[in-house]
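**Q** Quick one: sequence plus predicted model below, questions after.
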Amino acid sequence: MWERWLTRTAPENASVTSHGSGETFALNLRFLLIVCVFVGNAIEPLIGGMPEIKALFLWIYAFHMPLFVFVTGYFARHNLNGMAGIRVLKQIALQYVIFQSIYSLLDVFLFRVPGITHSFFMPYLLLWFLVGHIFWRLMMMLFTRYQVRHPIILSLMLGVLVGFLPVEGAWLGISRSVVYLPFFVIGYTFNFDAFRARFTPALRLLAAALSAGILVTLYLMANRINPVWLMNNMTFHELGWTGNIWAASVLRLSIYALEIIASIAFLAWVPKRNNGITALGQRTLYVFLIHGIVIRFVVYSGIYNHISAGIETALLIAASVAGAIMLAQPQVRECCHPIIEPKWDKIAAWTRRSVFYRGMTRMSRQAQRK
(Lines give C-alpha, C1' and ligand atoms only; values in the text may rest on other atoms or scores of the structure.)
Protein backbone atom coordinates (compact mmCIF):
# COMPACT_ATOMS: atom_id res chain seq x y z
CA MET A 1 0.00 0.00 0.00
CA TRP A 2 2.81 2.43 0.85
CA GLU A 3 4.26 2.22 -2.67
CA ARG A 4 1.08 3.72 -4.13
CA TRP A 5 1.49 6.71 -1.87
CA LEU A 6 5.09 7.43 -2.78
CA THR A 7 6.69 9.42 -5.55
CA ARG A 8 10.17 8.75 -6.91
CA THR A 9 11.31 12.30 -6.34
CA ALA A 10 9.94 14.94 -4.01
CA PRO A 11 9.54 18.56 -5.13
CA GLU A 12 12.72 20.16 -3.84
CA ASN A 13 11.63 23.76 -4.22
CA ALA A 14 8.00 23.37 -3.24
CA SER A 15 6.64 26.04 -0.98
CA VAL A 16 4.57 25.46 2.10
CA THR A 17 1.42 26.79 0.53
CA SER A 18 1.71 24.93 -2.77
CA HIS A 19 0.62 21.62 -1.31
CA GLY A 20 -2.80 22.84 -0.19
CA SER A 21 -4.73 20.04 1.45
CA GLY A 22 -1.62 17.87 1.70
CA GLU A 23 0.10 20.51 3.81
CA THR A 24 -3.00 20.91 5.95
CA PHE A 25 -3.23 17.17 6.52
CA ALA A 26 0.44 17.03 7.54
CA LEU A 27 0.03 19.91 10.00
CA ASN A 28 -3.05 18.30 11.54
CA LEU A 29 -1.16 15.04 11.83
CA ARG A 30 1.82 16.76 13.40
CA PHE A 31 -0.26 18.34 16.14
CA LEU A 32 -2.11 15.12 16.96
CA LEU A 33 1.26 13.39 17.21
CA ILE A 34 2.76 15.97 19.55
CA VAL A 35 -0.29 15.49 21.77
CA CYS A 36 0.47 11.77 21.75
CA VAL A 37 4.11 12.51 22.60
CA PHE A 38 3.05 14.65 25.57
CA VAL A 39 0.50 12.10 26.79
CA GLY A 40 2.88 9.16 26.28
CA ASN A 41 5.65 10.79 28.30
CA ALA A 42 3.18 11.91 30.98
CA ILE A 43 1.72 8.43 31.58
CA GLU A 44 5.02 6.51 31.34
CA PRO A 45 5.63 6.59 35.13
CA LEU A 46 2.27 4.82 35.61
CA ILE A 47 2.56 1.90 33.21
CA GLY A 48 4.03 -0.44 35.82
CA GLY A 49 0.88 -0.52 37.94
CA MET A 50 -1.98 0.11 35.52
CA PRO A 51 -2.49 -2.40 32.65
CA GLU A 52 -4.91 -0.12 30.81
CA ILE A 53 -2.42 2.75 30.92
CA LYS A 54 0.34 0.43 29.75
CA ALA A 55 -1.87 -0.59 26.80
CA LEU A 56 -2.45 3.07 25.94
CA PHE A 57 1.29 3.71 26.22
CA LEU A 58 2.09 0.77 23.91
CA TRP A 59 -0.58 1.89 21.44
CA ILE A 60 0.90 5.39 21.30
CA TYR A 61 4.44 4.09 20.91
CA ALA A 62 3.38 1.81 18.07
CA PHE A 63 2.80 4.79 15.77
CA HIS A 64 3.58 8.18 17.29
CA MET A 65 7.33 8.31 16.70
CA PRO A 66 7.25 6.53 13.30
CA LEU A 67 4.65 9.03 12.12
CA PHE A 68 6.47 11.97 13.71
CA VAL A 69 9.58 11.04 11.75
CA PHE A 70 7.39 10.50 8.70
CA VAL A 71 5.88 13.99 8.86
CA THR A 72 9.34 15.46 9.53
CA GLY A 73 10.50 13.86 6.29
CA TYR A 74 7.46 15.22 4.51
CA PHE A 75 8.31 18.80 5.43
CA ALA A 76 12.03 18.26 4.75
CA ARG A 77 11.33 18.18 1.01
CA HIS A 78 11.05 21.98 1.13
CA ASN A 79 14.59 22.63 2.35
CA LEU A 80 16.72 19.49 2.18
CA ASN A 81 19.52 20.56 -0.18
CA GLY A 82 21.43 23.73 -0.97
CA MET A 83 22.02 26.63 1.39
CA ALA A 84 18.55 26.22 2.88
CA GLY A 85 19.42 22.68 3.91
CA ILE A 86 22.72 23.78 5.45
CA ARG A 87 20.93 26.49 7.46
CA VAL A 88 18.46 23.95 8.81
CA LEU A 89 21.27 21.59 9.84
CA LYS A 90 23.06 24.41 11.66
CA GLN A 91 19.86 25.42 13.44
CA ILE A 92 19.15 21.86 14.58
CA ALA A 93 22.72 21.58 15.87
CA LEU A 94 22.26 24.81 17.84
CA GLN A 95 18.97 23.58 19.25
CA TYR A 96 20.68 20.42 20.41
CA VAL A 97 23.55 22.25 22.10
CA ILE A 98 21.18 24.68 23.82
CA PHE A 99 18.67 22.14 25.10
CA GLN A 100 21.21 19.46 25.95
CA SER A 101 22.81 22.09 28.15
CA ILE A 102 19.50 23.23 29.68
CA TYR A 103 18.25 19.72 30.41
CA SER A 104 21.60 18.57 31.77
CA LEU A 105 21.97 21.57 34.08
CA LEU A 106 18.43 21.13 35.40
CA ASP A 107 19.09 17.46 35.95
CA VAL A 108 22.38 17.99 37.76
CA PHE A 109 21.05 20.67 40.11
CA LEU A 110 17.38 19.68 40.44
CA PHE A 111 15.85 16.59 38.81
CA ARG A 112 18.71 14.10 39.30
CA VAL A 113 17.11 11.39 37.17
CA PRO A 114 18.90 8.06 37.80
CA GLY A 115 20.85 6.50 34.94
CA ILE A 116 21.42 9.75 33.03
CA THR A 117 24.86 10.35 31.49
CA HIS A 118 25.56 14.03 31.01
CA SER A 119 27.43 14.29 27.73
CA PHE A 120 26.82 15.79 24.32
CA PHE A 121 27.40 12.28 22.99
CA MET A 122 24.44 10.94 25.00
CA PRO A 123 21.30 12.94 24.14
CA TYR A 124 19.16 13.69 27.16
CA LEU A 125 16.01 11.59 26.79
CA LEU A 126 13.85 13.12 24.01
CA LEU A 127 16.72 15.17 22.54
CA TRP A 128 17.82 12.14 20.52
CA PHE A 129 15.26 13.35 17.98
CA LEU A 130 17.38 16.40 17.12
CA VAL A 131 20.44 14.24 16.50
CA GLY A 132 18.27 11.87 14.50
CA HIS A 133 16.90 14.74 12.43
CA ILE A 134 20.42 15.70 11.39
CA PHE A 135 21.20 12.08 10.52
CA TRP A 136 17.99 11.61 8.49
CA ARG A 137 18.63 14.75 6.48
CA LEU A 138 22.22 13.80 5.72
CA MET A 139 21.18 10.29 4.65
CA MET A 140 18.36 11.64 2.49
CA MET A 141 20.80 14.05 0.87
CA LEU A 142 23.00 11.08 -0.01
CA PHE A 143 20.03 9.08 -1.31
CA THR A 144 18.89 11.93 -3.57
CA ARG A 145 22.39 12.87 -4.73
CA TYR A 146 23.31 9.34 -5.77
CA GLN A 147 19.77 8.50 -6.88
CA VAL A 148 19.43 5.39 -4.74
CA ARG A 149 16.72 3.31 -6.40
CA HIS A 150 15.24 1.64 -3.33
CA PRO A 151 15.99 3.91 -0.33
CA ILE A 152 13.19 2.45 1.79
CA ILE A 153 14.49 -1.11 1.46
CA LEU A 154 18.03 0.07 2.14
CA SER A 155 16.82 1.99 5.20
CA LEU A 156 15.01 -1.07 6.54
CA MET A 157 18.18 -3.11 6.14
CA LEU A 158 20.17 -0.47 8.03
CA GLY A 159 17.49 -0.46 10.73
CA VAL A 160 18.07 -4.17 11.28
CA LEU A 161 21.85 -4.04 11.03
CA VAL A 162 22.20 -1.22 13.58
CA GLY A 163 20.92 -3.64 16.20
CA PHE A 164 24.15 -5.63 15.91
CA LEU A 165 26.47 -2.69 16.67
CA PRO A 166 28.67 -3.29 19.75
CA VAL A 167 27.80 0.09 21.28
CA GLU A 168 25.10 1.52 23.52
CA GLY A 169 22.00 2.29 21.49
CA ALA A 170 21.68 5.64 23.27
CA TRP A 171 25.14 6.81 22.10
CA LEU A 172 24.33 9.78 19.86
CA GLY A 173 20.85 8.29 19.63
CA ILE A 174 22.27 5.93 17.02
CA SER A 175 19.75 3.14 17.49
CA ARG A 176 16.62 5.26 17.15
CA SER A 177 18.14 7.45 14.45
CA VAL A 178 18.86 4.50 12.16
CA VAL A 179 15.76 2.47 13.07
CA TYR A 180 13.41 5.34 12.21
CA LEU A 181 15.21 6.30 8.98
CA PRO A 182 12.73 4.37 6.75
CA PHE A 183 9.85 6.52 8.02
CA PHE A 184 11.72 9.71 7.16
CA VAL A 185 12.33 8.38 3.64
CA ILE A 186 8.66 7.42 3.29
CA GLY A 187 7.60 10.88 4.44
CA TYR A 188 9.99 12.60 2.05
CA THR A 189 8.60 10.67 -0.92
CA PHE A 190 4.96 10.69 0.23
CA ASN A 191 2.35 11.46 -2.44
CA PHE A 192 -0.66 12.98 -0.70
CA ASP A 193 -2.84 13.09 -3.82
CA ALA A 194 -2.47 9.35 -4.33
CA PHE A 195 -3.11 8.78 -0.64
CA ARG A 196 -6.27 10.89 -0.69
CA ALA A 197 -7.57 9.15 -3.80
CA ARG A 198 -7.16 5.67 -2.33
CA PHE A 199 -7.94 6.35 1.32
CA THR A 200 -11.71 6.35 0.76
CA PRO A 201 -14.26 6.97 3.56
CA ALA A 202 -14.89 3.23 3.77
CA LEU A 203 -11.18 2.52 4.08
CA ARG A 204 -10.84 5.27 6.69
CA LEU A 205 -13.56 3.64 8.76
CA LEU A 206 -11.86 0.28 8.43
CA ALA A 207 -8.51 1.80 9.43
CA ALA A 208 -10.06 3.49 12.45
CA ALA A 209 -11.52 0.16 13.53
CA LEU A 210 -8.13 -1.45 13.03
CA SER A 211 -6.49 1.23 15.19
CA ALA A 212 -9.01 0.59 17.95
CA GLY A 213 -8.48 -3.15 17.53
CA ILE A 214 -4.71 -2.71 17.99
CA LEU A 215 -5.40 -0.88 21.27
CA VAL A 216 -7.62 -3.71 22.52
CA THR A 217 -5.08 -6.34 21.46
CA LEU A 218 -2.27 -4.51 23.23
CA TYR A 219 -4.41 -4.37 26.37
CA LEU A 220 -4.97 -8.12 26.27
CA MET A 221 -1.25 -8.77 25.66
CA ALA A 222 0.13 -5.98 27.85
CA ASN A 223 1.69 -8.32 30.41
CA ARG A 224 3.71 -10.11 27.72
CA ILE A 225 5.05 -7.00 25.97
CA ASN A 226 8.11 -5.14 27.18
CA PRO A 227 7.68 -1.41 26.39
CA VAL A 228 11.36 -1.04 25.47
CA TRP A 229 10.72 -3.19 22.40
CA LEU A 230 8.78 -0.30 20.86
CA MET A 231 11.17 2.43 21.97
CA ASN A 232 13.91 1.26 19.56
CA ASN A 233 16.62 2.82 21.72
CA MET A 234 18.62 -0.35 22.44
CA THR A 235 20.83 -2.68 20.46
CA PHE A 236 20.05 -6.40 20.27
CA HIS A 237 22.69 -7.07 22.91
CA GLU A 238 21.01 -4.65 25.32
CA LEU A 239 17.63 -6.24 24.58
CA GLY A 240 18.98 -9.75 25.12
CA TRP A 241 18.32 -10.80 21.51
CA THR A 242 21.80 -12.11 20.84
CA GLY A 243 21.04 -15.83 20.84
CA ASN A 244 20.05 -16.01 17.18
CA ILE A 245 20.82 -13.26 14.65
CA TRP A 246 17.97 -14.37 12.40
CA ALA A 247 15.48 -14.35 15.26
CA ALA A 248 16.65 -10.85 16.26
CA SER A 249 16.27 -9.65 12.68
CA VAL A 250 12.76 -11.13 12.43
CA LEU A 251 11.77 -9.46 15.70
CA ARG A 252 12.99 -6.08 14.44
CA LEU A 253 11.11 -6.56 11.15
CA SER A 254 8.01 -7.63 13.08
CA ILE A 255 8.15 -4.40 15.06
CA TYR A 256 8.50 -2.51 11.77
CA ALA A 257 5.38 -4.30 10.50
CA LEU A 258 3.42 -3.35 13.63
CA GLU A 259 4.57 0.27 13.38
CA ILE A 260 3.62 0.53 9.71
CA ILE A 261 0.19 -1.03 10.25
CA ALA A 262 -0.49 1.05 13.36
CA SER A 263 0.69 4.21 11.56
CA ILE A 264 -1.56 3.67 8.54
CA ALA A 265 -4.46 2.88 10.87
CA PHE A 266 -3.91 6.07 12.89
CA LEU A 267 -4.05 8.19 9.74
CA ALA A 268 -7.78 7.49 9.70
CA TRP A 269 -8.15 9.72 12.77
CA VAL A 270 -6.45 12.70 11.11
CA PRO A 271 -8.75 15.39 9.65
CA LYS A 272 -7.90 16.50 6.12
CA ARG A 273 -9.39 19.98 6.23
CA ASN A 274 -8.15 23.19 7.80
CA ASN A 275 -9.46 23.49 11.35
CA GLY A 276 -8.49 24.65 14.81
CA ILE A 277 -5.48 22.36 15.15
CA THR A 278 -3.90 23.21 11.79
CA ALA A 279 -2.28 26.42 13.04
CA LEU A 280 -1.16 24.63 16.21
CA GLY A 281 0.61 22.10 14.00
CA GLN A 282 2.98 24.85 12.85
CA ARG A 283 4.39 25.23 16.37
CA THR A 284 4.89 21.64 17.51
CA LEU A 285 8.64 22.16 17.90
CA TYR A 286 7.92 24.38 20.90
CA VAL A 287 5.76 21.71 22.49
CA PHE A 288 8.37 19.04 21.84
CA LEU A 289 11.34 20.87 23.35
CA ILE A 290 9.54 22.44 26.33
CA HIS A 291 7.16 19.69 27.43
CA GLY A 292 10.00 17.50 28.73
CA ILE A 293 10.91 20.21 31.23
CA VAL A 294 7.26 20.48 32.27
CA ILE A 295 7.00 16.74 32.87
CA ARG A 296 10.29 16.68 34.78
CA PHE A 297 8.92 19.38 37.13
CA VAL A 298 5.68 17.41 37.57
CA VAL A 299 7.65 14.29 38.49
CA TYR A 300 9.86 16.33 40.81
CA SER A 301 6.78 17.76 42.55
CA GLY A 302 5.70 14.27 43.65
CA ILE A 303 2.29 14.39 42.00
CA TYR A 304 2.69 10.86 40.64
CA ASN A 305 2.79 9.52 44.20
CA HIS A 306 -0.87 10.55 44.53
CA ILE A 307 -2.15 9.05 41.25
CA SER A 308 -3.67 5.64 41.83
CA ALA A 309 -7.13 5.72 40.27
CA GLY A 310 -8.68 6.05 36.83
CA ILE A 311 -10.14 9.52 37.44
CA GLU A 312 -6.75 10.88 38.47
CA THR A 313 -5.11 9.35 35.41
CA ALA A 314 -7.84 10.79 33.18
CA LEU A 315 -7.15 14.22 34.66
CA LEU A 316 -3.43 13.74 33.96
CA ILE A 317 -4.16 12.87 30.32
CA ALA A 318 -6.51 15.86 30.00
CA ALA A 319 -3.84 18.11 31.50
CA SER A 320 -1.31 16.75 28.99
CA VAL A 321 -3.61 17.56 26.08
CA ALA A 322 -4.22 21.03 27.50
CA GLY A 323 -0.48 21.47 28.00
CA ALA A 324 0.20 20.63 24.35
CA ILE A 325 -2.39 23.19 23.26
CA MET A 326 -0.97 25.86 25.55
CA LEU A 327 2.64 25.33 24.46
CA ALA A 328 1.58 25.57 20.81
CA GLN A 329 0.13 29.07 21.29
CA PRO A 330 1.73 31.96 19.35
CA GLN A 331 2.53 33.75 22.64
CA VAL A 332 4.87 30.90 23.58
CA ARG A 333 6.58 31.22 20.23
CA GLU A 334 7.05 34.95 20.66
CA CYS A 335 8.59 34.42 24.09
CA CYS A 336 10.80 31.42 23.36
CA HIS A 337 11.68 32.01 19.70
CA PRO A 338 15.34 32.98 20.30
CA ILE A 339 16.01 29.73 22.15
CA ILE A 340 13.79 27.31 20.20
CA GLU A 341 14.65 28.61 16.73
CA PRO A 342 18.08 30.24 17.07
CA LYS A 343 19.54 31.88 14.00
CA TRP A 344 23.00 30.61 13.15
CA ASP A 345 23.87 33.72 11.12
CA LYS A 346 23.12 36.07 14.00
CA ILE A 347 25.09 33.99 16.49
CA ALA A 348 28.02 33.73 14.08
CA ALA A 349 27.95 37.51 13.54
CA TRP A 350 27.87 38.09 17.31
CA THR A 351 30.80 35.69 17.75
CA ARG A 352 32.85 37.58 15.15
CA ARG A 353 32.20 40.82 17.01
CA SER A 354 33.04 39.41 20.43
CA VAL A 355 36.16 40.50 22.35
CA PHE A 356 37.28 36.86 22.63
CA TYR A 357 37.14 36.35 18.87
CA ARG A 358 39.00 39.58 18.14
CA GLY A 359 41.62 38.68 20.74
CA MET A 360 42.17 35.22 19.27
CA THR A 361 42.40 36.69 15.77
CA ARG A 362 44.98 39.23 16.92
CA MET A 363 47.06 36.54 18.60
CA SER A 364 46.89 34.39 15.47
CA ARG A 365 48.14 37.25 13.28
CA GLN A 366 51.00 38.00 15.66
CA ALA A 367 52.03 34.36 15.62
CA GLN A 368 52.03 34.35 11.82
CA ARG A 369 54.32 37.41 11.74
CA LYS A 370 56.82 35.66 13.98
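**A** Yep, that arrived.
**Q** what are the phi and psi values for the closest residue to residue 51 other than its chain neighbours?
**A** The spatial neighbour of residue 51 that comes closest, neighbours along the chain excluded (CB to CB, 6 or more residues apart in numbering), is residue 222 at 5.0 Å. Using the backbone N, CA and C atoms, a C-beta is placed for each residue, glycine as well. Dihedral pair for residue 222: phi -60, psi -40, per degrees, to the nearest 10.
**Q** Can you give me every residue that contacts residue 222?
**A** Residue 222 makes contacts with 51, 54, 55, 58, as judged by CB atoms under 8 Å, 6 or more residues apart in numbering.
**Q** List phi and psi for the residue lying closest to the second one once chain neighbours are set aside.
**A** If I follow you right, that is residue 54. Excluding the flanking residues, the one nearest residue 54 by CB to CB, 6+ apart is residue 47, at 4.0 Å. When read as degrees, to the nearest 10, the backbone of residue 47 gives phi -70, psi -20.
**Q** Residue 47 reaches residue 227, doesn't it?
**A** Yes - if you go by CB atoms under 8 Å, residue 47 and residue 227 touch, sitting 6.5 Å apart.
**Q** that older thread, now, the contacts of residue 222 that are in helices?
**A** Taking DSSP state H, the ones among the contacts of residue 222 that sit in helices are 51, 54, 55, 58.
**Q** what's around residue 31, how many residues?
**A** Around residue 31 there are 24 other residues, counting by other CB atoms under 10 Å.
**Q** Now name the helix or strand holding it.
**A** Using DSSP states H and E, residue 31 falls within helix 21-43.
**Q** which helices and strands does that helix pack with?
**A** Other elements packing on helix 21-43 under the criterion 3 or more CB pairs under 8 Å, 6 or more residues apart in numbering; DSSP states H and E are helix 51-76, helix 192-198, helix 284-301, helix 310-327.
**Q** Figure out how far that helix is from the centre of its chain.
**A** Distance of helix 21-43 from the chain centroid (CA atoms, centre = their mean, to the nearest Å) equals 10 Å.
**Q** ok and it relative to helix 51-76, angle-wise?
**A** Orientation of helix 21-43 against helix 51-76 (axes from the mean of the first three to the mean of the last three CA atoms, to 10 degrees) gives an angle of 140 degrees.
**Q** Go through helix 21-43 and flag the buried ones.
**A** Using 16 or more other CB atoms under 10 Å as the test for burial, helix 21-43 gives 22-43.
**Q** try stretch 245-255
**A** By neighbour count on 16+ other CB under 10 Å, the buried set for stretch 245-255 is 248, 249, 251, 252, 255.
**Q** and if you look at stretch 316-324?
**A** Across stretch 316-324, burial judged by 16+ other CB under 10 Å covers 316, 317, 319, 320, 323, 324.
**Q** Adding pLDDT and distance to residue 64, write these out as a markdown table.
**A** As requested, the buried residues of stretch 316-324 are arranged in a markdown table below (pLDDT from 0 to 100; distance: CB to CB, whole Å):
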| residue | pLDDT | distance to residue 64 |
| --- | --- | --- |
| 316 | 96 | 17 |
| 317 | 97 | 14 |
| 319 | 97 | 18 |
| 320 | 97 | 13 |
| 323 | 97 | 16 |
| 324 | 98 | 12 |
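**Q** related to what we said a few turns ago, so how do I select the buried members of the contacts of residue 222 in ChimeraX?
**A** Those of the contacts of residue 222 that count as buried under 16+ other CB under 10 Å are selected in ChimeraX with:
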select :54,55,58
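**Q** Just send the contacts of residue 222 back as a markdown table, with distance to residue 239 and pLDDT too.
**A** Output for the contacts of residue 222, formatted as a markdown table (distance: CB to CB, whole Å; pLDDT from 0 to 100):
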| residue | distance to residue 239 | pLDDT |
| --- | --- | --- |
| 51 | 22 | 92 |
| 54 | 18 | 96 |
| 55 | 21 | 96 |
| 58 | 16 | 97 |
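**Q** quick check, nearest of the contacts of residue 222 to residue 148?
**A** The closest of those to residue 148 turns out to be residue 58 (CB to CB; 33.2 Å).
**Q** Give me the nearest residue to the closest one, chain neighbours excluded.
**A** Closest residue in space to residue 58, ignoring its immediate chain neighbours: residue 218 at 4.5 Å, by CB to CB, 6+ apart.
**Q** Phi and psi next, for residue 166.
**A** Per-residue torsions, residue 166: phi -90, psi 50 (degrees, to the nearest 10).
**Q** Surely it touches residue 242?
**A** No - Residue 166 lies out of contact with residue 242 (CB under 8 Å); the separation is 10.6 Å.
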